[in-house]
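Peer 1: I would like to see how this sequence folds:
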Amino acid sequence: MTNIDKNITLLYDEKTLDLVYRIYAKHQGKNNVPFIKLEDFRSMFEEQQTAIYQQQIEDMKRLFDDDPNNRFDN
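Peer 2: Next up, the predicted model:
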C-alpha cells in the first residue's frame, strides 16, 4: 500500500505483489542478472503502480475534457 498525493491510497494484496515479483525474478534469471529481494522490490512495485495510476487519471481527465484540443486522436 502506498499514498498518492496524500489523498489517495493505492491498495494491492500480497498475492499480486508476489506474482509480479516472480515474473520479475524469472526474467532476471533468464538473463543471468541478479535480482533484488522481495522487500526491496516492493518499493519499485509501488512506484510503478503509482505512475500507472497517475497516467490513467490523466487519460480519464483528457477523455472527459470539454476542450476538443485536449482529447485523444481518433
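
Peer 1: what comes up buried for the helix or strand hosting residue 22?
Peer 2: Assigned by DSSP states H and E, residue 22 belongs to helix 14-30. In terms of neighbour count (16 or more other C-beta atoms under 10 Å), helix 14-30 has its buried residues at 17, 20-21, 24. Just so you know, the C-beta spots here come from the backbone N, C-alpha and C atoms, and that holds for glycine as well.

Peer 1: Next, the angle from the helix or strand following it to helix 14-30.
Peer 2: Going down the chain from helix 14-30, the next helix or strand is helix 38-63, by DSSP H and E. Relative orientation of helix 38-63 and helix 14-30, computed by axes from the mean of the first three to the mean of the last three C-alpha atoms, to 10 degrees: 110 degrees.

Peer 1: elements contacting helix 38-63?
Peer 2: When contacts are defined as 3 or more C-beta pairs under 8 Å, 6 or more residues apart in numbering; DSSP states H and E, helix 38-63 sits against strand 2-4, strand 8-10, helix 14-30.

Peer 1: Skipping adjacent residues, who's closest to the most centrally placed residue in the chain in space?
Peer 2: For the chain, residue 49 is the residue whose C-alpha lies nearest the centre (C-alpha atoms, centre = their mean; 1.8 Å). Nearest residue to residue 49 in three dimensions, chain neighbours excluded: residue 10, at 5.8 Å (C-beta to C-beta, 6 or more residues apart in numbering).

Peer 1: Give me the neighbour count for the one you found.
Peer 2: Residue 10 sits with 14 neighbouring residues when counted by other C-beta atoms under 10 Å.

Peer 1: what's across from it in the sheet?
Peer 2: residue 2 (DSSP bridges).

Peer 1: do you know how far it is from residue 35?
Peer 2: 23 Å (C-beta to C-beta, to the nearest Å).

Peer 1: How about residue 49?
Peer 2: 19 Å.

Peer 1: Look up the pLDDT of the residue nearest to residue 49 for me, please.
Peer 2: pLDDT, residue 10: 81.

Peer 1: isn't it right next to residue 47, touching?
Peer 2: No: look at residue 10 against residue 47 with C-beta atoms under 8 Å: they stay out of range, at 10.5 Å.
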